[in-house]
Each structure stands twice: as C-alpha cells, then as structure tokens.
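Participant: got a sequence here, can you model it:
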Amino acid sequence: MDIVIIVLLIYLVLMFGIAWYFSRREGIEAYFINSKKTGLWLMVFSSVATMIGAGATVAIVSEVYNTGISYGIALPVSLIVGALLMAFFSKKIKSFGEENKAYTLVDFFHKRFDNKNKILAFVLQLFILIMWVGTQGIAIAAIASVLTGINFHIALLLAAGITILYTSIGGLKIDFITDFIQFWIILIVFLIMALFSYNSIGSISSLVSQLPQGHLDPLAFGGLTWFLGVIFLSGFLYIGGSHHWQRIVSAKSQKIARKSFFMTIPFFILIGLITIFFGLVASTKLSGIEQDLALFSLMETMLPPFLVGIGFASILAVIMSSVDSLLIGGSTIIYRGLFKKDQFDNKKEIFYARLITALFGICGFAVAFLIPDIVSLSLITSYLAVAFGIPLIFGLYSKKLSANASFYALFLSVIALLIAFPIMGSNSFVVPLVISLPILIFYDKIFKKSGKVILKDPLRGI
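Facilitator: Numbering: from 1, shown residues only. The predicted structure follows:
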C-alpha cells in the first residue's frame, strides 16, 4: 500500500502546484467569475467533473450494489435532462448576470426582488452548499474506512486539506483548470477498471445470471413516482445551485455557456453506464461489505496493486472536482453579502476571499461527521435546490412577479419539505412543486388590490 500513498501524494501535490502557479497576480473578479473569460472546453469538462461528484459515482455504485439499477438509471438520466434545461436557461442567466452583476443566485433574488428574498436565499444557499460539501466529505470518509488499519487516514485528511487550500488560493479559475485535469483522470481510470471488471465476469449474460433477484427492476429504489419525479425535476435541481449560475456568468459568451451543457451529455451517458456496471459487478463479486464502500472495495478487488493508488486518486478527483466548485460558490455568496464593491484594495480583497473560502470548506467537511448517510443527505439537499429552481424560473420569465410571491413560495416550500422528508422520504421531491406553484401563480392575483406587488421590470432588455 506504500505505492497507493505515494501516488495519492503526488496527485495532491500536483493539484496544489497548479493552483499556486495559475493564481498569481489575479484580481477579485478572476477569483469569483474567471473575469468572464471561460472557454468552451473548460466549461464542458469542468461541468461534467463537477456535476457527477460523489453523488453520481460513489452513491450510484452503492445503491446499485444494494437495490439494483433503479437509482443508477435515474441519476444519469436526471443529469442529461438537467444539462438540457440548463442549456435552455443559460441565455437568460448570462444576460441577467451581466446586466446586474449578479454572480450568484443570492444576487439574483436581491436584484430581481428585494432584501428579504436576498436574506432567505443567502441562508438557504449556504445551507445547501455546505451540505453538498458534506456529501463529498462522506465519500472521503468511506475511503478511510476501506483502508482502516494501514495508516492511510492521514493522507485522506491531507486530501481534504489540500482541496480547501488549492481552492482558497486560486478561486474559480483554478477550479476550471483542476476540473479539466480531474475529468481525464476520472474517465481514464474508470475505463481501465471497467475492462478489468468485464474480464472478471466473462460476459454480460454471465453477470445477469448471477444478479440478486430484483436487481434489474428500474423502479426498485423509490417506485414509479420517484423515478419519474427525479427526471422531471432535475432541471430545477441544477438551476437551483448557485455554483452553476456562477459558471454560466463566467463564460465568454451566451453561446459558449449554452453549447457547453449540450456537449456534457455524451460524457454523462458514458460515465453513467460505467458506474451502473460497477454496481452490478460489485453485487455479484462482493458480499458482507458496507453499502457505501462498494466502489472502493471493488477497486481493491479488481485492480492490480499498482493501479489501486490511481483508482483511489480518481475517486479523490471526483470528490475534489465537486468540492472546489461548491467552495467557490459558497465563498462568493458570503463575500458579496459581507463586503461592498471596492471596499478594499485588491490585496485585501483576495485575502478575505481566500479566508472565507477556507472557513466555508472547513464547515462543509465537518458535516460529513454529523450526517454519515450519503444517499439521504444527497436527496434532502437536492430537493432543497429544487425549491429554489421554481421561483427562480418564474422570476426570470415573469416580469410582474412580486417580491412577496417569490419569498413565500420559497420559504413555505422549504418548511413543508423539511416536515415532509422524514415521513415521505425519497418521494418528498413533489412537495416544493405542490407548495410553490400555486403561490407563484395566484398570490399576486389574490393580493393585487393591495398595490404592493407591481415592481419595476429588472429584466428589461433581456
């Protein structure tokens, strides 16, 4: 296992070196939105690396191992639908972001509506981003569990520390560059592991014949309602993430932002098929293991010893490519909420931005120790993001939507979701839709006579 540690340390040092080199003499706009210069291929590969994350790799293999293909099919399809809808909305987002200097969803709710919407969005977006960082932290903890007893936890803590450190140093620009590298590490290693796994089972028909009963049932995880709902609401999920908004604003043009999401789809299909395959192989080759450890245990079983280190590095790449985007998203929200434009000189701006990013990262990783269930954590956080997506879309396209309608739609749907989730579980995704849609449609009609709902049109010219 010494080889494993050496490979991972080399990888982590490489990420840090890249961050240090490319972050020199950058200003605050480069730190938060890459000076709006992000090109097509950086957008494509960074979006893929960020969106797949531990939730679409570790969690898929984990749940396919446990219950079969249902969860594994729904998640990749939701990524594809989400990419299509993000491509559709990207023009509006880019236009609004540039005209109003709205770098985050919190900025949108402030510029489009009012201060109470800003405060609500600020609190909820930070909560969502911290929980998503926690989800990635759980994956790191899973690696540590697999390698318990070989003194590997120090390297894993170092991985978390370097992720926070290189993101704090470089900001969004370094996020794009490192995501580009991490994407290729993920893809190459997964393809190699798929070949070894296929060789171990002999053929697909042999694999199918050995599967536990019910593992090919596409509705086994949450039933038909959950399966269709996850796919239908996936666009609301991604548009409800502030870090996706921030990436769109950072693109060189509306065309690049839009095209980049279309170009992610073939990669989602490929990686989705590979992770489902891993989960099915694990269900036939492994027994008596903890569910969340399925992918890591499969790597130890299938890969030659000299490739195990690279395999674990690929999982760290998955985690790190999501974490760095989330950290920048959270720190941008906090920085723009605390400080005014040109309040400090460039040196102090960068210092405070880096400090906030580091502190936010520490808070996010701490969540992994408090809520160790990766699937449940992914679900509740994703459903909260869905609650954001619905009023955001109404706000982009409805010129007369009032601040009160937006506020109550978001606030009440979140409260209802938190109450419903312990009872309804995976099917509680419908709650934000059921609560927020009637408010967004009828609130202003009912209270129109109060004279408080007609606002200036902040979308003029979009």
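
Participant: dump the residue contacts of the residue nearest the centre of the chain.
Facilitator: In the chain, the residue lying closest to the centroid (C-alpha atoms, centre = their mean) is residue 51, at 4.9 Å. By C-beta atoms under 8 Å, 6 or more residues apart in numbering, the contact set of residue 51 is 79, 82, 83, 238, 264, 268, 322. (C-beta placed from N, C-alpha, C; glycine too.)

Participant: quick check: phi and psi on it?
Facilitator: Note on residue 51: its backbone torsions stand at phi -70, psi -30 [degrees, to the nearest 10].

Participant: report the two of the contacts of residue 51 separated the most.
Facilitator: Greatest spatial distance among the contacts of residue 51 (C-beta to C-beta): 83 and 322, at 15.7 Å.

Participant: of those two, which one has the most company?
Facilitator: residue 322 (28 against 24; other C-beta atoms under 10 Å).

Participant: the more buried one reaches residue 136, doesn't it?
Facilitator: Yes. Using C-beta atoms under 8 Å, residue 322 is in contact with residue 136, at 5.3 Å.

Participant: related to what we said a few turns ago, most neighbours among the contacts of residue 51, please name it.
Facilitator: Most surrounded of the contacts of residue 51: other C-beta under 10 Å gives residue 322, at 28 neighbours.

Participant: any weak-confidence spans in the stretch 51-200 of the chain?
Facilitator: 54-55, 138-159 (pLDDT under 70).

Participant: what about the helices in it?
Facilitator: Secondary structure of the stretch 51-200 of the chain (DSSP state H, counting those that start in this stretch): helices at 58-67, 69-100, 105-112, 115-146, 153-201.

Participant: with distance to residue 344 added, can I get these in JSON lines?
Facilitator: Converted to JSON lines, those look like this (distance: least, C-beta to C-beta, whole Å):
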{"stretch": "helix 58-67", "distance to residue 344": "40"}
{"stretch": "helix 69-100", "distance to residue 344": "22"}
{"stretch": "helix 105-112", "distance to residue 344": "19"}
{"stretch": "helix 115-146", "distance to residue 344": "21"}
{"stretch": "helix 153-201", "distance to residue 344": "16"}
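
Participant: of those, which is nearest residue 300?
Facilitator: helix 115-146 (6.9 Å).

Participant: how far off helix 105-112 does that closest one point, in degrees?
Facilitator: 170 degrees (axes from the mean of the first three to the mean of the last three C-alpha atoms, to 10 degrees).

Participant: helix 115-146 packs against which elements?
Facilitator: helix 105-112, helix 153-201, helix 242-250, helix 294-302, helix 305-338, helix 346-370, helix 374-397, helix 403-424 (3 or more C-beta pairs under 8 Å, 6 or more residues apart in numbering; DSSP states H and E).

Participant: what number of residues lie near the closest residue to residue 384 other than its chain neighbours?
Facilitator: Spatial nearest neighbour of residue 384, excluding adjacent residues (C-beta to C-beta, 6 or more residues apart in numbering): residue 128 at 5.3 Å. Residue 128: 26 surrounding residues under other C-beta under 10 Å.

Participant: residue contacts, residue 128?
Facilitator: 240, 241, 242, 381, 384, 385, 388.

Participant: in stretch 194-212, what counts as buried?
Facilitator: By neighbour count with 16 or more other C-beta atoms under 10 Å, stretch 194-212 contains the buried residues 194, 196, 197, 201, 207.

Participant: pull the distance from that stretch to the chain's centre.
Facilitator: In terms of C-alpha atoms, centre = their mean, to the nearest Å, the centre of stretch 194-212 is set 31 Å apart from its chain centre.

Participant: quote the end-to-end distance of that stretch.
Facilitator: End-to-end distance for stretch 194-212, by C-alpha to C-alpha, to the nearest Å: 20 Å.

Participant: contact partners of that stretch?
Facilitator: Contacts for stretch 194-212 (C-beta under 8 Å, 6+ apart): 68, 216, 274, 277-278, 280-281, 283-285, 298, 302-304.

Participant: can you turn the buried part of these into a PyMOL selection?
Facilitator: The buried residues among those can be selected in PyMOL (16+ other C-beta under 10 Å) with this line:
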select buried, resi 68+274+277+278+280+281+283+284+285+298+302+303
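
Participant: for the contacts of stretch 194-212, which two are the farthest from each other?
Facilitator: 216 and 304 (30.2 Å).

Participant: low-scoring stretches of the stretch 351-462 of the chain, by residue?
Facilitator: If you take pLDDT under 70 as the line, the stretch 351-462 of the chain has these spans: 368-378, 426, 448-462.

Participant: same thing but 80
Facilitator: For the stretch 351-462 of the chain, applying pLDDT under 80 flags the ranges 365-382, 425-427, 429, 448-462.

Participant: not including adjacent chain positions, what is the nearest residue to residue 122?
Facilitator: Closest residue to residue 122 apart from its sequence neighbours, by C-beta to C-beta, 6+ apart: residue 106 at 5.0 Å.

Participant: check contacts around that neighbour.
Facilitator: Contacts of residue 106 (C-beta under 8 Å, 6+ apart): 118, 121, 122, 125, 242, 333, 336, 337.

Participant: go again using 6 Å as the cut-off
Facilitator: 121, 122, 125, 333 (C-beta atoms under 6 Å, 6 or more residues apart in numbering).

Participant: re earlier: can you say which of the helices of the stretch 51-200 of the chain is nearest to residue 18?
Facilitator: Proximity to residue 18 (C-beta to C-beta) singles out helix 153-201 among those, at 6.0 Å.

Participant: related to what we said a few turns ago, do you know which of the helices of the stretch 51-200 of the chain lies nearest residue 419?
Facilitator: helix 115-146 (15.6 Å).

Participant: kindly calculate the angle that that closest one makes with helix 374-397.
Facilitator: Put simply, helix 115-146 runs at 150 degrees to helix 374-397, going by the same axes, to 10 degrees.

Participant: so how far is helix 115-146 from its chain's centroid?
Facilitator: Here the centre of helix 115-146 is set off from its chain's centre by 10 Å, with C-alpha atoms, centre = their mean.

Participant: got it, and stretch 335-349?
Facilitator: 27 Å.

Participant: repeat that for stretch 17-31.
Facilitator: 23 Å.

Participant: so which bits of it are buried?
Facilitator: 18, 19, 22, 23, 26, 28, 29, 30, 31.

Participant: possible to save those residues as CSV with distance to residue 132, pLDDT and secondary structure?
Facilitator: Formatted as CSV, those follow (distance: C-beta to C-beta, whole Å; pLDDT from 0 to 100; DSSP: H, G, I helix; E, B strand; the rest coil):
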residue, distance to residue 132, pLDDT, secondary structure
18, 23, 79, helix
19, 21, 76, helix
22, 25, 74, helix
23, 24, 70, coil
26, 25, 70, coil
28, 24, 82, helix
29, 25, 84, helix
30, 24, 83, helix
31, 20, 86, helix
